[in-house]
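K.L.:
got a predicted structure here, sequence first:
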Amino acid sequence: MRLLLDTAVLIFAAEQPGRLSKRATSALVDPANTLELSTISLVEIAIKVSLGKLRFGSDDARDAIEDLGLRVLPFSAEHAFRLFTLPLHHRDPFDRQIIAQAMEEDIPVLTVDDKFGLYKGLKVVW
């Protein structure tokens, strides 16, 4: 199964794996799963690092991508167009883009954020 990790799950998996749920941990180690990370997560990390809100640099992100065996999923125009149809359950622009991408790709999101569950049709794993 394909799974799209949200940014927090990437950081937890890399720095604090004990914060992951049992189901999330199982999904991350299951070789049958194809784990993906949105380019939007990389943008979010870079912006938050530059603002001093996060200490998880580009080397940390690269190492996490390699260690977890993630594929990086580009954000396309079709993903962006999906944003036009999303209700405003969530104000975080990065999360909204990840939600739109997951819905357009029809893949579950691995996330700790309970607001993701408000989006009808979005599959959430936690």
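P.N.:
Yes, it's here. As the structure is a computational prediction, the values presented were derived from the model and not from experiment. Numbering: from 1, shown residues only.
K.L.:
which stretches of the protein form strands?
P.N.:
Applying DSSP state E to the chain gives strands spanning 2-5, 34-38, 71-73, 109-110, 124-125.
K.L.:
nearest residue to residue 115 in space, ignoring adjacent ones along the chain?
P.N.:
residue 90 (4.7 Å; Cβ to Cβ, 6 or more residues apart in numbering). Yep, even glycine has a C-beta here, placed from its N, CA and C like the rest.
K.L.:
out of the strands of the chain, which is the most enclosed?
P.N.:
strand 109-110 (a mean of 27; mean count of other Cβ atoms under 10 Å).
K.L.:
which helices and strands does that one pack with?
P.N.:
strand 2-5, helix 22-29, helix 93-105, strand 124-125 (3 or more Cβ pairs under 8 Å, 6 or more residues apart in numbering; DSSP states H and E).
K.L.:
so which of those is nearest residue 68?
P.N.:
helix 22-29 (6.5 Å; Cβ to Cβ).
K.L.:
helices or strands up against that closest one?
P.N.:
strand 109-110, strand 124-125.
K.L.:
which residues does the last one contact?
P.N.:
Taking contacts as Cβ atoms under 8 Å, 6 or more residues apart in numbering, the residues outside strand 124-125 that touch it are 3, 23-24, 27, 108-111, 116-117.
K.L.:
list phi and psi for residue 111.
P.N.:
phi -150, psi 150 (degrees, to the nearest 10).
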